[in-house]
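In: Any chance you could fold what I've pasted below:
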Amino acid sequence: MYAESLALPISSTEPTVDRVLLTRILSPEFNECNVLMPDFLTSHWKRSTHAELEEWVGFEVSEGEQEENGVKYEFQMWVREQ
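Out: Residues are numbered from 1 along each chain as shown. Below you'll find the model as predicted:
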């Protein structure tokens, strides 16, 4: 489902995906997960700045590497280049 959604062409009249809000898990590796985000970064995507992320979502977002219960992660937004 992720891969199909990310592959949709940009359209002004049809459903499309133009940004990805991503919680990137930095460590540890969760090898037993059954749902993984496809590697969409090989396409035409640009990582937004933290300020752009906060502006788009409309609220404050923790910046940089976070850690909770031994899991390190980071909130990111990626925008499709047209």
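In: Show residues contacting the helix or strand of the chain with the lowest mean pLDDT.
Out: Here the helix or strand of the chain ranked lowest by mean pLDDT, DSSP states H and E is helix 2-7, holding a mean of 84. Applying C-beta atoms under 8 Å, 6 or more residues apart in numbering, the contact partners of helix 2-7 are 17, 20, 37, 38, 40, 43. C-beta here means a position set from N, CA and C on the backbone, and glycine is covered the same way.
In: Alpha carbons only: can I get stretch 14-21 in CSV?
Out: These are the backbone C-alpha positions of stretch 14-21, laid out as CSV (Å, rounded to 0.1, in the frame of the first residue of the first chain):
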residue,chain,number,x,y,z
GLU,A,14,-6.7,12.8,-8.6
PRO,A,15,-5.5,11.6,-5.2
THR,A,16,-1.8,11.9,-4.9
VAL,A,17,1.0,11.9,-2.2
ASP,A,18,3.1,15.0,-2.1
ARG,A,19,4.6,14.7,1.4
VAL,A,20,5.5,12.0,3.9
LEU,A,21,5.4,12.6,7.7
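In: Distance from that stretch to the middle of the chain?
Out: Distance of stretch 14-21 from the chain centroid (C-alpha atoms, centre = their mean, to the nearest Å) equals 11 Å.
In: Looking at the contacts of helix 2-7, spot the one nearest residue 75.
Out: Nearest to residue 75, judged by C-beta to C-beta, of those is residue 20 at 11.5 Å.
In: name the element the closest residue in space to residue 20 that isn't next to it in sequence belongs to?
Out: For residue 20, ignoring the flanking residues on the chain, the nearest one in space by C-beta to C-beta, 6 or more residues apart in numbering is residue 78 at 4.4 Å. Per DSSP states H and E: residue 78 is located in strand 71-80.
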